[in-house]
Structure formats: C-alpha cells, structure tokens
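Colleague: coordinates only, no sequence provided:
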Ligand SMILES: *Cc1c(COP(=O)(O)O)cnc(C)c1O
C-alpha cells in the first residue's frame, strides 16, 4: 500500500510499505534472507549500477524486507523516504554524513541520550567534525551558537533522560533562518506522539531499538527525510548539490529532487559506510510497529499514573514527567506531543546517590538495564551507567545527576508497578 485515501495512523502502522508478496501472495512481508539479486540481463545490471533504474543489487544497499520498513516509517513520520541502519547511533552518523566535512560543526542540545553526547563530543572529532552543545530552552544561545561552518541543528523531541519536550517550532524557525537542516531524534516520542516534520524538522532519526520495535529484541535505526530542504540553495551541501565523481558526475539533488537525501543515503552512505540493517531485524521491527499506537497509549497512561503517584512519595524529591502539571514542560505537551508525553522520565531521590543505588537494586518488576522503550518497565541509574562518561557539569545539564534514576514505564498493570516502586523506595531509605 503506497498511495490511497488519507488513512489513519492505526491503518498505516499495519499496511504502509507492505503489499502481498508479488511472487507468492504471502500476506505478511517475507524475510528476504538473501545477499544478492539476479539481474535480468547485462543492460539491467548496468542501469541499476548507474542509478538509472531503481531495483535490488546487493543487500548492503537494498533489501525488500528493509525497504518495506523504510516505507512504513517514512509514511508514519510524514517523510518522503527513509534509510534504515544497523542502530540508532548508525542513523545519527548516516544523517550527518552527507551534510558534514572536516571543520564543520553541529549545534546540539545538552539534553540528549548519554551515548549521543559521547558520540558528538568525542568520536565525531576523528572525522574533523565537532559539536557545540547548548541549552535548547535558551533560544538566543542556540542562535548565537550557529556559525558559518554549522551544517545542522540536532535535538530530541522528548529528550533523554528527563522526558523534557523540546520546542521544535521555535528551534526550526532558528535553523530555517540560518539555512541549515534541523535533525530531530524522535526515539522517545515515536511518530504516534510527535511528528517532528510537522514542526519544521528536515530529518528525523530513530533508534528503532526502542519503542518502534518495542520489546527489546532488535538493534536498529532509521533516518527519515522530509524532502523539504533545498540542498542547492547555497554551496554548503556539496555532497547533495555538486557533481558526484563516484556516479559519473551525477548531482543528487538535481537528479532526485526531494528524494536526494534518501538516494544519497543508500547509494553512498550504505554502500560505503555499510551500516546496514539486516532483514531479520527489519521483520521484528515491522511486527513491532503494527501495535505502536496501542502500546504508546498504554505507555502514556501508565506513565501518568506512576509519575503522579511517585510525586506524592516522601522519599522522592522531584519527578520530571512532562505530563504532570508540575512540569515546566507541561504546556508544550498539547502542541508538540498531542497524544501524550511518552513513557520516559526521571525521579530524583532525597537520599542521593546511595538511595538511588539501593532503589534500583530493590526493584523486582522493573529491570536495571541500559535500554528504554520496552514493553517491560526499566530503570537505570544514569550517572553510574549511560551518562558515566560525562563530566559532572554535563550530567547536571543533561538532567542525569547522581540522585536521579531514569524510568521507562512499560505496559504492565500500573498497580503492580506502583507496588514494586513503593517497596523499593521504602527499602532505599
Ligand atoms: C538508544 C538511543 C539512541 C542510540 O540508539 P542505538 O540503537 O542504541 O544505537 C539514540 N538516541 C536515543 C534517544 C536513544 O534512546
């Protein structure tokens, strides 16, 4: 199913990108567990290699199971195309790769997944890229951080670990003025709760490892392109606007128009960086997405109930859930995440670091793991784990200080979750 009437989200999450298998009529998307595809003849092969015809060559670049998933996520996000990758971190590199070059920088929010802060503050330097981190609630600081070498602005819609909501409308107005793309990591919100492209995002990235697959079985990522950015407006994005030597001087933007970024991601990014998603993983993620809206509704309902209860417990100093009226981000919910503030937040314990450690060790239903967005409820003490590589200042700026525990609320019975938390909070004192 590609075109059609304006189907609703619940229909698209099951049908977008999927059609009965042309060879067998199989109703479910088959797992095309193949490395290569037979060419019709030598002319067909040459046309595929020249990008004159779209088709399957080799599964590092394209695979029908992965293609179904790409189309499904692109449709749910309201984008024109998508490129799946082997992980969320791979998706971030794949999003930046066509935009960046030695000496170029990105302006990134201080409130990001811990691994992303490390990727941006350390690892990308090896490519000659750098990141300038600022508080994205301070719009003047975001503006001031952008310079002539800035090639993208990067933030999360619902930001790790506190579940803070970024004002995507205000941030995209700034990136638009500067003529550079806005990349939004929509992992914690999913397109069910937030559609960043409607708020001006150029590219949307996901760790599909989290809510999209939803059950902690897969590592995967995706970059979705809005198709709206004019890569040829100036000479800042030569990978997309200038002749590409590896394809006889083809210009991606001129040739593929709004699909330029997607074609570049496959024909250059996957071809040469090789961060490919395997078809088995794509299958699990396709299965997960079929129930995305149902799971997200339950995640949100449970998170509201658990966060409201936690706020009243006397071992608790603060709860950051944006769905709570006490949150400074509460007034952004209706505009940015109209179906709810997600299932992720932090709780700050009065007992500090020691209480946090006792708390996570005393839980039974909640698992202490480095993951989020699972059907099961999960916790992590960020300061000693995911945000461990960060300086104390970076930890505080990220909302991951030593007395803070990140909670990812699952879809179990909320009364059982509250009973488990109550027992562990009492044990933590
Ligand atoms: C997990 C996560 C990532 C990294 O994704 P992987 O699939 O683990 O590589 C990036 N951003 C956010 C918001 C995440 O939660």
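Modeller: Arrived safely, thanks for sending. Fair warning: this is a prediction, and the values are worked out from it, not measured in the lab.
Colleague: right, and residue 48 touches residue 55 too?
Modeller: Yes - using Cβ atoms under 8 Å, residue 48 is in contact with residue 55, at 5.1 Å. Heads up, the C-betas are built off the backbone N, CA and C, glycines and all.
Colleague: with neighbour numbers in mind, choose between the two.
Modeller: Neighbour totals were compared for residue 48 and residue 55, and residue 48 leads with 20 against 12 (other Cβ atoms under 10 Å).
Colleague: and that one, what element?
Modeller: Here residue 48, judged by DSSP states H and E, is contained in helix 42-49.
Colleague: up against the ligand, what does the stretch 201-350 of the chain have?
Modeller: 207, 209, 210, 219, 221 (Cβ under 6 Å from any ligand atom).
Colleague: report how many residues lie close to the nearest residue to the first one once chain neighbours are set aside.
Modeller: Going back to what we said before, that points to residue 207. Nearest non-adjacent residue to residue 207, counting by Cβ to Cβ, 6 or more residues apart in numbering: residue 88, 2.5 Å away. By other Cβ under 10 Å, the residues close to residue 88 number 23.
Colleague: same check, this time on residue 301
Modeller: 16.
Colleague: quick one: distance of the helix or strand where it lies to the chain centre.
Modeller: Assessed by DSSP H and E, residue 301 sits inside helix 292-311. Distance, stretch centre to chain centre, for helix 292-311: 20 Å (Cα atoms, centre = their mean, to the nearest Å).
Colleague: ok, back up a step: top of the residues of the stretch 201-350 of the chain next to the ligand by neighbour count?
Modeller: Per-residue neighbour counts (other Cβ under 10 Å) across those peak at residue 207, which has 29 neighbours.
Colleague: mind listing what that residue touches?
Modeller: 87, 88, 89, 91, 113, 185, 187, 220, 221 (Cβ atoms under 8 Å, 6 or more residues apart in numbering).
Colleague: which pair in those residues spans the largest distance?
Modeller: Within those, two members stand farthest from each other by Cβ to Cβ: 113 and 220, at 15.2 Å.
Colleague: and the closest residue to the ligand within the stretch 201-350 of the chain, bridged to which residues?
Modeller: Relative to the ligand, the nearest point of the stretch 201-350 of the chain is residue 207 (3.0 Å; Cβ to the nearest ligand atom). Beta-bridge partners for residue 207, by DSSP bridges, are residue 221.
Colleague: in this structure, which helix or strand is least confident?
Modeller: Taking mean pLDDT, DSSP states H and E as the measure, helix 392-398 is the helix or strand of the chain with the lowest mean score, a mean of 85.
Colleague: buried residues in it?
Modeller: Neighbour-count burial for helix 392-398, with 16 or more other Cβ atoms under 10 Å as criterion, is recorded at 394, 395, 396, 397, 398.
Colleague: need the contact list for the residue of the chain found nearest the ligand.
Modeller: Nearest to the ligand in the chain, going by Cβ to the nearest ligand atom, is residue 88, at a distance of 2.2 Å. Contacts for residue 88 (Cβ under 8 Å, 6+ apart) come out as 113, 185, 187, 205, 206, 207, 208, 209, 210, 220, 221.
Colleague: re earlier: contact partners of the helix or strand just after the helix holding residue 48?
Modeller: Later in the chain than helix 42-49, the nearest helix or strand by DSSP H and E is helix 64-77. The contact list for helix 64-77 (Cβ under 8 Å, 6+ apart) reads 2, 9, 12-13, 16-18, 29-32, 56, 59, 80-84, 186, 191-192, 195-197, 204, 206, 208, 212, 222, 224-225, 276-277, 279, 282-283, 285-286, 289, 292.
Colleague: stretch 409-420 now?
Modeller: Applying Cβ under 8 Å, 6+ apart, the set of residues contacting stretch 409-420 is 295, 298-299, 301-303, 305-307, 309, 343-344, 363-366, 374-378.
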